[in-house]
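>>> Quick one, fold the following:
(2 chains)
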Amino acid sequence: MSAADTPLNDLLPRLEIGHGFEIAVDWARANLRPVFRGIANLVESLVEPLADLLTAPPAIVMVLIFAGLGWWLRSWKFGLGTAIGLGVVAGMPFWDETMNTLAAVLVASALALLFAVPLGIFIAENRRASAVARPMLDMMQTMPAFVYLIPAISFFGIGVVPGVLATVVFSMPPGVRLTELGLRQVDREVVEAGEAFGASPRMILLRTKLPLALPTIMSGVNQVIMLALSMVVIAGMVGAGGLGEVIMTALDRIQVGTGFEGGIAVVMLAVVLDRLTDSIGARSAAAKAQRAMQEA
Amino acid sequence: MASALLIGIPERVRKIGRNAWPGYPLGTEIVSALIVKSLYKVFGNGVETAVQRLSKGVARDEALKGLRATAAVIDANFEVKRGEIFVVMGLSGSGKSTLLRMLNGLVTPSHGTVEVDGTDLTKLRPAALRKLRREKISMVFQHFALLPHRSVLENAGYALEVAGRPREERHEQARNALRMVGLEGWEQKLPQELSGGMRQRVGLARALAAETDILLMDEAFSALDPLIRRELQDQLMDLQAELGKTIVFITHDLNEAMRLGHRIAVMRDGRIVQIGTAEEILTDPSNDYVAQFVADVDRTRILTASSVMERPLSVIDVGSGPRVAARTLRETQTSAVYVTGRNKRFLGTITDDVITRAVREGRQNLDGIVSAEDAQTVSADTPVAELFSPCAESPHPVAVVDAAGRLAGVIPRITLLSALGSIGTDIPNGTTKPTDEPADEALLVPVTTANGEVTAAEGDSGTGPDVAGKVPAQAGDTRIREGEQA
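Sure, this is the predicted structure:
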């Protein structure tokens, strides 16, 4: 006997959640067109020039630039590793797609952080807002990534814009969470010291809390970028281009080799971005202080 | 009565009383730096109701019945004088930290007023309150609360940075403050590179650099190990004497409270149960709680040399000759004479063998035979705990000199030991007895004889020259001891 046949099931009404959502989306489409147009223009004006910039020089020059960055931020070993990793990517026939993906990831991450960090600060200061935000963040993070694409297409059509915006929504939660966590972890007494010496809340936030929370916030940034990267590939489904499209095409045509190559390119990009953002966090004064504390 | 051994404390208190307010010549009226009136802090719901019930004197548990509230501070009333070290002592949960935080508005009182230099800070808006904190009150924290990502110098200058002073000026002032706490040369280090004691010195320097008159210290030394704690206590007392800051010091350590506090407030379950000097609290605890609290205080740290010393018997003037010295020795049955000069200034001792030789050689004066090194010298306010090594090292009773260098008394070894014996068992129980000659009483050791009588054992060891039994004031004291034992 299947569950649907149980007479008790009649007691539960069919909830028209999806229908309600459709109505909301339709209304937004009908009434907020200028807003969407503006957002689309903004995203396009960010992603396209960046993609052009990244694809302009020959692949070998870009590889060297990244290697140099890795050397400067971390170590010569990491610089060398970056050169090898991206060299492998450059040796495959879709360097331009890789750079397009990178541009989309960077823009999406930047936009996500633009919302995530202030929101994280706000809910760290306000318990009630935190109580409201937490379940929403949970929802944003656990909602299957593909689901974001559907309203995004409906608002923005096919292309890079819905991909980037779905990515922004999907990758934002860890940025908010880790900002909140970092701020809450700041030693209560240190904050109290600021208050006791007459510092304003703003001054305490800027000169005490944020610097001390920076290592945690940076690991949030790192996670946002990683999530964005994973999402951008999915966004290939809606015509966002880049490596996502390479992989989707390979999937359609069962091209095992091409799919694997596209996957390798994503992995290399992920490793380089992860280590680079990680080292930016590690260079902050607070992170140095933390290390000094562990050594002592 | 049984507090005979505590009589030394008024001496210390009097001394502090003289020196406590450096900026204010004797006789000037000392204004209160802080006035706290019927101050309450109730956390949770039903704050008004709780305060109302508590203010009628209802016991805490009773008053909070049916309310989801906790009362941290109940009806606190006190004044802190300028240049005073006011210690608030209580166990954890007694509300002392909350009380302290209401003094600078970090915790908003539920009821009552806190006046700082005549301004009631409970009435201030946030911006005005911050201004008041910048200008009048600074704070030192239990776990130092330094900014880990800033250098020692920047931490010390934090208050000035908050106040928006130019960089040069705040570094200059921070450097001065660091010098005052003995941290010169550590300016560029990070706090993590310093030991706990040094970090708290930075915390202290930060508060000093703020140049506020009032310093709040929240269990400031509790996280430090005992030796470092002592060192910092000493430093704090020195700084206070030098700068005349008003200090409100929170601690759960009674010894610390007794050592630092000009006055001490004892807190229990949110209420201040007694305010008084260390001596008042030890000798006249207001209730059983305080009595129990002070029962295990290390009295050797509170009592001073002046409370256990005895009247020196074999004293001669430097102008007299060897024969006078020899006669004094014979009369007092001692082995050394204490020589004093003009105004009774203590000069040194002469031992019996030296005197005998001088007499045999027919010398007419004491020139060149007075030894300043022979007997150890301690000052009158040395705690008993620090008398052991001088007493052990000195072949003769240790000489006690007062601030002017006059010979105030002597402490034979047996006296110290006897005093120690009774310190351990002496717990004050209420009635105090005015005593004119406290020092004499100190050397009594209650001894229960076979038939149950209590007598005073005389400090007669055969080696000690100052025989207790010779001090006339004793009979009465013995009686008192008997009374206590019975």
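>>> where do the strands sit along the stretch 151-296 of chain A?
Read by DSSP state E, counting those that start in this stretch, the stretch 151-296 of chain A holds no strands at all.
>>> All the helices of it, in order from the start?
In the stretch 151-296 of chain A, helices defined by DSSP state H, counting those that start in this stretch lie at A:160-185, A:188-196, A:201-204, A:210-234, A:242-253, A:256-282, A:285-295, listed in chain order.
>>> for the record, mean pLDDT for the strand or helix carrying residue B:327?
For residue B:327, the host element (DSSP states H and E) is helix B:322-332. Taken as a whole, helix B:322-332 has an average pLDDT of 87.
>>> I'd like the average pLDDT over whichever helix or strand comes after that helix.
Counting by DSSP H and E, the next helix or strand C-terminal to helix B:322-332 is strand B:336-340. In this model, strand B:336-340 carries a mean pLDDT of 88.
>>> repeat for stretch A:274-292
On average, stretch A:274-292 scores 75.
>>> still on that earlier bit, list the buried residues for the helix holding residue B:327?
Going by neighbour count (16 or more other Cβ atoms under 10 Å in any protein chain shown), the buried part of helix B:322-332 is B:322, B:325-326, B:328-329, B:332. (Glycine included, C-beta is placed from N, CA and C.)
>>> pLDDT weak spots in the chain?
Just going to use chain A. Applying pLDDT under 70 to chain A picks out residues A:1-7, A:9, A:285-286, A:288-296.
>>> That was the other one, I meant chain B.
In chain B, residues with pLDDT under 70: B:1-30, B:296-299, B:301-302, B:421-486.
>>> And the contacts of the helix or strand where residue A:68 lies?
Here residue A:68 sits within helix A:59-73, counting by DSSP H and E. With contacts defined as Cβ atoms under 8 Å, 6 or more residues apart in numbering or on different chains, helix A:59-73 is touched by A:54, A:57, A:78-83, A:86-87, A:90, A:95, A:99, A:272, A:275-276, A:279-280, A:283.
>>> 7 Å instead?
Taking Cβ atoms under 7 Å, 6 or more residues apart in numbering or on different chains as the criterion, the residues outside helix A:59-73 that touch it are A:54, A:78-79, A:82-83, A:86-87, A:90, A:95, A:272, A:276, A:279-280.
>>> Just the buried residues from these, in PyMOL please.
Only the buried entries of the contacts of helix A:59-73 go into this PyMOL selection, using 16+ other Cβ under 10 Å:
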select buried, chain A and resi 54+78+79+82+83+86+87+90+95+272+276+279
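>>> Columns distance to residue B:73 on top of the contacts of helix A:59-73, output as a markdown table?
Putting the contacts of helix A:59-73 into a markdown table (distance: Cβ to Cβ, whole Å) gives the following:
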| residue | distance to residue B:73 |
| --- | --- |
| A:54 | 63 |
| A:78 | 56 |
| A:79 | 60 |
| A:82 | 60 |
| A:83 | 65 |
| A:86 | 64 |
| A:87 | 69 |
| A:90 | 70 |
| A:95 | 69 |
| A:272 | 57 |
| A:276 | 53 |
| A:279 | 49 |
| A:280 | 47 |
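>>> Spell out which parts of chain B neighbour chain A.
Residues of chain B found near chain A (Cβ under 7 Å from any Cβ of the partner chain) are B:104, B:106, B:130-131, B:133-134, B:138-139, B:141, B:143, B:145, B:147-149, B:158-159, B:162, B:190, B:192-193, B:210.
>>> which residues does residue A:32 contact?
Residues near residue A:32 by Cβ under 7 Å, 6+ apart: none.
>>> Let me see the ranges of the strands in the stretch 151-300 of chain B.
Taking DSSP E, counting those that start in this stretch as the test, the strands found in the stretch 151-300 of chain B are B:214-218, B:246-251, B:263-268, B:271-276.
>>> possible to save the ones you listed as JSON lines with mean neighbour count and distance to residue B:365?
Output for these, formatted as JSON lines (neighbours: other Cβ atoms under 10 Å in any protein chain shown; distance: least, Cβ to Cβ, whole Å):
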{"stretch": "strand B:214-218", "mean neighbour count": "24", "distance to residue B:365": "55"}
{"stretch": "strand B:246-251", "mean neighbour count": "26", "distance to residue B:365": "52"}
{"stretch": "strand B:263-268", "mean neighbour count": "24", "distance to residue B:365": "51"}
{"stretch": "strand B:271-276", "mean neighbour count": "19", "distance to residue B:365": "52"}
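>>> and residue A:247, which of these is closest to it?
Minimum separation from residue A:247 across these (Cβ to Cβ) falls at strand B:214-218, 59.7 Å.
>>> what about the helices in the stretch 301-450 of chain B?
For the stretch 301-450 of chain B, the helices defined by DSSP H, counting those that start in this stretch occupy B:305-308, B:322-332, B:352-360, B:388-393, B:413-425, B:438-442.
>>> So what touches the fourth one?
Judged by Cβ under 7 Å, 6+ apart, the contacts made with helix B:388-393 from elsewhere in the structure are B:376, B:378, B:398, B:411, B:413, B:416.
>>> re earlier: ok, and of the contacts of helix A:59-73, which contact chain B?
Answer for those near chain B: none qualify (Cβ under 7 Å from any Cβ).
>>> Name the nearest of the contacts of helix A:59-73 relative to residue A:106.
Nearest to residue A:106 among the contacts of helix A:59-73, counting by Cβ to Cβ, is residue A:54 at 8.9 Å.
>>> Contact partners for that closest one?
A:62, A:99, A:102-103.
>>> what would the residues you listed look like in CSV with secondary structure?
Shown next, in CSV, are these (DSSP: H, G, I helix; E, B strand; the rest coil):
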residue, secondary structure
A:62, helix
A:99, helix
A:102, helix
A:103, helix
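>>> Nearest to residue B:295 among those?
The shortest approach to residue B:295 among the contacts of residue A:54 belongs to residue A:102, at 73.7 Å (Cβ to Cβ).
>>> I'd like to know how far that closest one sits from chain B.
Distance, residue A:102 to chain B, by Cβ to the nearest Cβ, to the nearest Å: 32 Å.
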